[in-house]
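Novice: Starting from these lines, generate the structure:
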Amino acid sequence: MKVAIFDAVKNGSKDSCSGITFKDTNPYGDNDDDDLTIRKDTILHVAVKYGNIITTQQILNLYPWLVLESNESGDTPLHMAARLGHYELVRLIAMVLNNTSQGERSNSVSLLFRASNLKKDTALHDAVKNRHSDVVDLLIKEDPGLVDICNDAGESPLFIAVDKGFYRIAHSILASISDLPPPRYCGSGRDRMTVMHAAAFQLLFYPHWNIDFWAHMEKKLPFILIILLWRLFHNLFLIPPNIVDTLL
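Specialist: Modelled structure (predicted):
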């Protein structure tokens, strides 16, 4: 990417898009290396990274397909916006779907919101990890199914929220779960743990956590509680793991 273009996009110049020309201007083509930074960021990545709302809007108007482009880490512009907590930029990116037909919208939602990076994190994972509750709420509103996706560590967004003690975010995710059809993986965690394991740890070591949260999870995710109890039973009485897995 030319330095002049990078600086214009970074600084939010009103003419930042005037000198940009893509050799391939269709949504299914690859960008030329001259259009990218060393880390394979597009101009949209750069605009989002530096929080430039006006420039981001200009780029989205001219090159809407850039919302699906990923950099060398597999991050889309939506990943960056969610990770940095740029609510307005997340909203602008989501609005790109308003120009698609009803038939195309379902597939477009999956491509945009469920895109994962090299760690298999979605934008929702990144928003939860960085405690951006408003962005979490917006992403779940756009695609409730995001709460059911696990990253390469086996962590669901709900598990991450509870594991980090982000009480407000955990409640928001739980509130959206009742609309999801089974099977549900929203309680899954790393190393064969569930969200109940994470909640138990929080209650044990952080007394400020409200015990009502347990009741909330038991109501929303009763099957998770059953799995936890079975594994505790196995640990106490040395039931062979294959029998436990069969019963579960």
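Novice: rest of the way, CA atoms for contacts and neighbours
Specialist: Will do.
Novice: Backbone dihedrals for Ser73, please?
Specialist: For Ser73, the backbone dihedrals are phi -90, psi 0 (criterion: degrees, to the nearest 10).
Novice: Burial check on it, number of neighbours?
Specialist: Counted by other CA atoms under 10 Å, the residues lying close to Ser73 total 13.
Novice: State the distance from it to Met80.
Specialist: Separation of Ser73 from Met80 (CA to CA, to the nearest Å): 11 Å.
Novice: now swap in Asp41 and tell me
Specialist: 11 Å.
Novice: same check, this time on Phe113
Specialist: Phe113 is 12 Å from Met80, where distance means CA to CA.
Novice: which residues are common contacts for those two?
Specialist: Ala123 (CA atoms under 8 Å, 6 or more residues apart in numbering).
Novice: how about Ser188, phi and psi?
Specialist: phi -80, psi 150.
Novice: Confirm for me that it is in contact with Cys150.
Specialist: Yes - using CA atoms under 8 Å, Ser188 is in contact with Cys150, at 7.4 Å.
Novice: Show me the common contact partners of those two, please.
Specialist: Taking CA under 8 Å, 6+ apart as the contact rule, Ser188 and Cys150 both touch Ser156.
Novice: tell me which element the closest residue to Ala123 other than its chain neighbours falls in.
Specialist: Setting aside the residues directly before and after it, Ala123 is nearest to His79 in space (CA to CA, 6 or more residues apart in numbering), at 4.5 Å. His79 belongs to helix 77-84 when elements are defined using DSSP states H and E.
Novice: and that helix, what does it pack onto?
Specialist: For helix 77-84, the packing partners by 3 or more CA pairs under 8 Å, 6 or more residues apart in numbering; DSSP states H and E come out as helix 43-49, helix 87-94, helix 123-129.
Novice: Leu66 contacts Leu44, doesn't it?
Specialist: Yes - between Leu66 and Leu44 there is a contact under CA under 8 Å: 6.7 Å.
Novice: Look at these two and report which has more neighbours.
Specialist: The residue with more neighbours, out of Leu66 and Leu44, is Leu44; 24 against 19, by other CA under 10 Å.
Novice: Now do the contacts for that one.
Specialist: Leu44 sits next to Thr56, Ile59, Leu60, Leu66, Val67, Pro77 when contact means CA under 8 Å, 6+ apart.
Novice: out of those residues, who has the most neighbours?
Specialist: The residue in the contacts of Leu44 with the most neighbours, by other CA under 10 Å, is Pro77 (29 neighbours).
Novice: what's around the closest residue to that one other than its chain neighbours, how many residues?
Specialist: Excluding its sequence neighbours, the residue lying closest to Pro77 (CA to CA, 6+ apart) is His45, at 5.0 Å. Look at His45: counted by other CA under 10 Å, it has 28 neighbours.
Novice: mind checking how far His45 is from Ala81?
Specialist: Relative to Ala81, His45 is positioned 9 Å away (CA to CA).
Novice: Check the contact lists of Leu66 and Leu44 and give me the overlap.
Specialist: Shared contacts of Leu66 and Leu44 (CA under 8 Å, 6+ apart): Leu60.
Novice: Counting by contacts, list what the helix or strand hosting Ala4 packs against.
Specialist: Using DSSP H and E, the element containing Ala4 is helix 3-11. With contacts taken as 3+ CA pairs under 8 Å, 6+ apart, helix 3-11 sits against helix 43-49.
Novice: Give the next helix or strand downstream of the helix it packs on.
Specialist: Using DSSP H and E, the next helix or strand after helix 43-49 towards the C-terminus is helix 53-62.
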